[in-house]
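Trainee: take this sequence and fold it.
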Amino acid sequence: MKIPSLAQLKKELSYLNEKELIDLLIDLSKFSRDNKSYLFFKLNEKDNPGLYLEMVQEELEADFQVARGDHSYYAKKAAQKLRRKMNKLLKLSKVKTDQIEVLLFFCEKLRQYGFLKHRNQVLDKLYQMQLAKAVKLISVLHEDLQFDYEGRVDDLSK
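Mentor: Here you go, the predicted structure:
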């Protein structure tokens, strides 16, 4: 089965009426939790722009509290699991500042919960990669916003 291109799908969607579009979106949201989350954030981002950031930070904070960081092996596995979850959540927002906030929050929590005290090479590399992602995103922002984030990045780089 050949999947049609995005342009073809867009063309077909333009022929549907409002009721059919709503039914299609509801069916699509039933397939996965990611689709449902994406739809929820898109519908509510105009009313509450900080909702995405709050919910992601709450979810990551709860996971950090449960994660085991007492041994190097468990800390590494827990950090990798948390990173996978964070990356999945990052896909739900296209707002660069929200993505930067989530990445910096993740790095701060890795430090706060003692994941980096083990001097594990994988953990150190994971931390540096997430920090590099944040720096790359910061570099495309306006100069004023870049200045706001540089202090946090400098603190995390030490």
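
Trainee: give me the residues contacting stretch 40-51.
Mentor: Applying CB atoms under 8 Å, 6 or more residues apart in numbering, the external contacts of stretch 40-51 come out as 52, 92, 93. (Each C-beta comes from the backbone N, C-alpha and C, glycine too.)

Trainee: same deal with stretch 102-120?
Mentor: Identification of contacts with stretch 102-120 by CB under 8 Å, 6+ apart yields 53, 56-57, 60-61, 64, 67, 69, 71-72, 75-76, 78-79, 82-83, 86, 89-90, 123-124, 126-127, 130-131, 133-134, 137, 149, 152-153, 156.

Trainee: quick check on the residues you listed: which are buried?
Mentor: 53, 56-57, 60, 64, 67, 69, 72, 75-76, 78-79, 82-83, 86, 89-90, 123, 126-127, 130-131, 133-134, 137, 149, 152-153, 156 (16 or more other CB atoms under 10 Å).

Trainee: so which of those residues sit within helices?
Mentor: Among those, DSSP state H puts 53, 56-57, 60, 64, 72, 75-76, 78-79, 82-83, 86, 89-90, 123, 126-127, 130-131, 133-134, 137, 149, 152-153, 156 in helices.

Trainee: give me every residue that touches residue 21.
Mentor: Counting by CB under 8 Å, 6+ apart, residue 21 makes contact with residue 13.

Trainee: just to confirm, which helix or strand has it in it?
Mentor: helix 18-31 (DSSP states H and E).

Trainee: one more: residue 94?
Mentor: Using DSSP H and E, residue 94 falls within no helix or strand.

Trainee: what about it, distance to residue 7?
Mentor: From residue 94 over to residue 7 the distance is 20 Å, taken as CB to CB, to the nearest Å.

Trainee: quick check: buried residues in the lowest-mean-pLDDT helix or strand in the chain?
Mentor: Every helix and strand in the chain was compared by mean pLDDT, DSSP states H and E; the lowest is helix 33-44, with a mean of 85. Neighbour-count burial for helix 33-44 flags 37, 38, 41 (criterion: 16+ other CB under 10 Å).

Trainee: dump those into JSON lines; add distance to residue 105 as well.
Mentor: What follows is these, written out as JSON lines (distance: CB to CB, whole Å):
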{"residue": "37", "distance to residue 105": "18"}
{"residue": "38", "distance to residue 105": "20"}
{"residue": "41", "distance to residue 105": "17"}
